[in-house]
Every structure is written in C-alpha cells, then in structure tokens.
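Visitor: Sequence first, then the predicted structure:
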Amino acid sequence: MRIRLTLHILSFVLLTLLLSACVQEDRLPADSGTLHLSINKISSQTETRLTPGEIGKPLKERFSLKIQRTGSQSVYYNGNFKESIELPAGNYDITATYGQNATIGKDCPYYTGTIREVKVEADKTTGVTIPCKVSNALISVKFGADEDEKARFDRYYKDYGLMVRVGDFSLPITSEFPNSSIYFPAGSQPQFYFYGTLKTDGGRMVSIELDHNDIPDVFQAADHAKLTLTLPDPESALGVNISKAEVTTVQLDETIPLSWLPVS
C-alpha cells in the first residue's frame, strides 16, 4: 500500500513538471525575438502650467503597456512599462497609456498611443517608439483681459472662480490658483459657471452660467479651450461674461513619445 502511494506521488510530480515545461515552451518558443523600447533623456519647457508640457514628463514606470497579437485576442503583456520583452515571432499591436481618463480632474493629462503590426522576428531585436498624445480635453481661464480688468474682479469680489461641470461632477479654477487647468474626457459637453462672494451687499454669493459661440458643443481629444472672463461695466460687479474663447489643439511640443521618457 505504501509503495503504491509513493508511485502515485511520483507520477503526480512528474506530470506537474511535464505540464510546467509545456507551458514554458508555449510562452517562449524557439522562434522568439526581443521587442526593445528605447529610452532617452530630453527636455521640454513651456511658460505656463496651462499645457501638459509644463506639468512634466511622465516617469517611465507610470506608463502602462499592452502587447497583443495582431488580429487576435491574445494578450502577451499587460503591465508596467518595460525596456525590453521577449515575444514569440509574429506581428503585435502595442498600446501605451499614462494617467486616468477621469470624468473631471485638475492638471491631469491622459496620454495614449498605439502602434500596430510591429513585426518581431526570431533571434532579432525590434526597436519601436510609440508616440503618445493627449487624449482628453482641457479648459483654462484668464480673469480679465488685462491687469485693469483683473483688478476690477478683485475690487468687487472677495473670492471667485470658474466652475467647470461635466455631468454630475464639477471642479473650480480659483482666482487664488488661476494657472490650473480642468481636464475631462473627449466627447464631453461641459458647462461653465462664474461664482464669487461679493465684498458688499452682505457678502452675497453670485453664480452666473456662461457660454460663448466659439466653445465647442462637444470637445474632441486634445482640444484646449482658453477662456477670458470680463466685467464689461466698470461700475458693476454683475454682467460677468466670456469675452473670448480660443480653442486650440495640443501641439506636437505637448506630445510625449516613449523615447522622451527619462532614464531612471
């Protein structure tokens, strides 16, 4: 009985080792190659925090990579950025992402990039660079077209800002920190409200919904709407409006390819 039990245990161990070897062979066949993502240092500077460039280059370890066989559902890697990875020979679609495509957020660009049909050849190293672009949209605001108008806001209001609402969620750009930007997903239809506490009239709260013909009904990826708020009547705190709405597309110098990522 003891001998039979020992034989069963040995058979189980041998079968486990055999299955493990088979799995390992499936993962790394003889005709495998290496995919290499180059990492170089590069500087990027802008004058304000209104664009993704000033927020800073994402660290490579904060990127996520997904490597999938072209034309199939087989995912060979889905995790943190790697400089190199060994794969079976074949064609692959590679997607890189950074950040979260939040419903609404402050100073939080979301980068995505995909390169398709990357060919990995047996016993060879394939280099690839994935250009990642801003995939959400953003709003920035200027309180007053010039210093005189800005002083007018400060004269009438104790505190004030622009509230950006997306669905049931909202975030402000305040007069205290005006150089922030509010981000939201492409395809959103945000609403805008000026709010403030009057220095007179018993500290009454003011809330005014704002709009402008040049603001898109639906924002596309990398749309950046720069709004200028004004007080048209120099003798009144009311009548706040958007005097200018300039919508630009985030440019190439605000785009981050993986080859820009700093070496750690």
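Guide: Alright, I've got the coordinates.
Visitor: When you work out contacts or count neighbours from here on, use the C-alpha atoms and nothing else.
Guide: Will do.
Visitor: Mind listing residues that contact the host helix or strand of residue 152?
Guide: Using DSSP states H and E, residue 152 sits in helix 147-156. Residues outside helix 147-156 that contact it (CA atoms under 8 Å, 6 or more residues apart in numbering) are 143, 144, 198, 199, 200, 230, 231, 234, 237.
Visitor: thought residue 157 was touching residue 201?
Guide: No - using CA atoms under 8 Å, residue 157 is not in contact with residue 201, being 10.8 Å away.
Visitor: Of those two, which one has the most company?
Guide: A direct count of neighbours by other CA atoms under 10 Å for residue 157 and residue 201 places residue 157 higher, at 21 against 8.
Visitor: what sits against that one?
Guide: 196, 197, 198, 199, 237.
Visitor: okay, these in TSV with neighbour count and secondary structure next?
Guide: Shown next, in TSV, are the contacts of residue 157 (neighbours: other CA atoms under 10 Å; DSSP: H, G, I helix; E, B strand; the rest coil):
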residue	neighbour count	secondary structure
196	23	strand
197	18	strand
198	21	strand
199	16	coil
237	19	coil
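Visitor: now, which of the residues you listed sits nearest residue 96?
Guide: residue 196 (41.1 Å; CA to CA).
Visitor: which non-adjacent residue is nearest that closest one?
Guide: residue 160 (3.9 Å; CA to CA, 6 or more residues apart in numbering).
Visitor: tell me the pLDDT at that neighbour?
Guide: Residue 160 is assigned 97 on the pLDDT scale.
Visitor: Residue 192 too?
Guide: Reported pLDDT for residue 192: 98.
Visitor: so residue 31 makes contact with residue 120?
Guide: No - Residue 31 is beyond contact range of residue 120, at 9.8 Å (criterion: CA under 8 Å).
Visitor: Return every residue with contacts to both of these two.
Guide: 88, 89.
Visitor: higher neighbour count, the two?
Guide: Between residue 31 and residue 120, counted using other CA under 10 Å, residue 120 has the larger neighbour count: 22 against 14.
Visitor: quick one: low-confidence parts of the stretch 51-200 of the chain?
Guide: Applying pLDDT under 70 to the stretch 51-200 of the chain flags residues 51-61.
Visitor: Before I go, just wanted to say thanks for your time.
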